[in-house]
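show me the folded form of this:
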Amino acid sequence: MVHGGLLVQPGSVTSPHPITNIRKIQHDLRSDETNAERRLRLALDDDYEFHHDFWMTNNEAFKQAKDAFFATLPADCDQYNVPPHLMAKFYRQFMEEHWREQLHYNMGWWLRSCRQIPLYFLAYMSRIAKFS
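Numbers count the residues shown, from 1 in each chain. Purely as a prediction, here's the structure:
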């Protein structure tokens, strides 16, 4: 049994970032944190930065493309009454232009998720060993 609660203590959760819409979990430092738990905490913080950087870039590019798209609409259209087929065309074009970035992000996140498995295991085992 693990004494002392969670392996990585969640502290506070921030408000959503205005561009990425991601909430950062600020992990509290434990006074009895093991080296493995520290590595896990730092990896989780690094993963947040990975997501934040990607979504910042992606969402800014999307907003710029969307603004440019709205500028090309006929005068009788605005952002609230765009025909669905035009929005679908815009979205498809954006996704086709940015598929490589999405692929790299998805592959990167998959690899990071796989990296977390042994980190969680080592942190768990170090917590058990510390209190055995």
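
which is the next helix or strand following the helix or strand that Lys89 is a member of?
Taking DSSP states H and E as the definition, Lys89 sits inside helix 84-97. As assigned by DSSP H and E, the chain's next helix or strand after helix 84-97 is helix 99-131.

and the angle from that next one to helix 84-97?
Interaxial angle of helix 99-131 relative to helix 84-97 (axes from the mean of the first three to the mean of the last three C-alpha atoms, to 10 degrees): 70 degrees.

which strands and helices lie in contact with helix 99-131?
Applying 3 or more C-beta pairs under 8 Å, 6 or more residues apart in numbering; DSSP states H and E, we find helix 99-131 packed against helix 35-71. C-beta coordinates here come from the backbone N, C-alpha and C atoms, glycine included.

buried residues of the least confident helix or strand in the chain by mean pLDDT, list them for me.
Lowest by mean pLDDT, DSSP states H and E among the helices and strands of the chain is strand 10-13, with a mean of 77. Within strand 10-13, no residue is scored as buried using 16 or more other C-beta atoms under 10 Å.

alright, that wraps it up for me.
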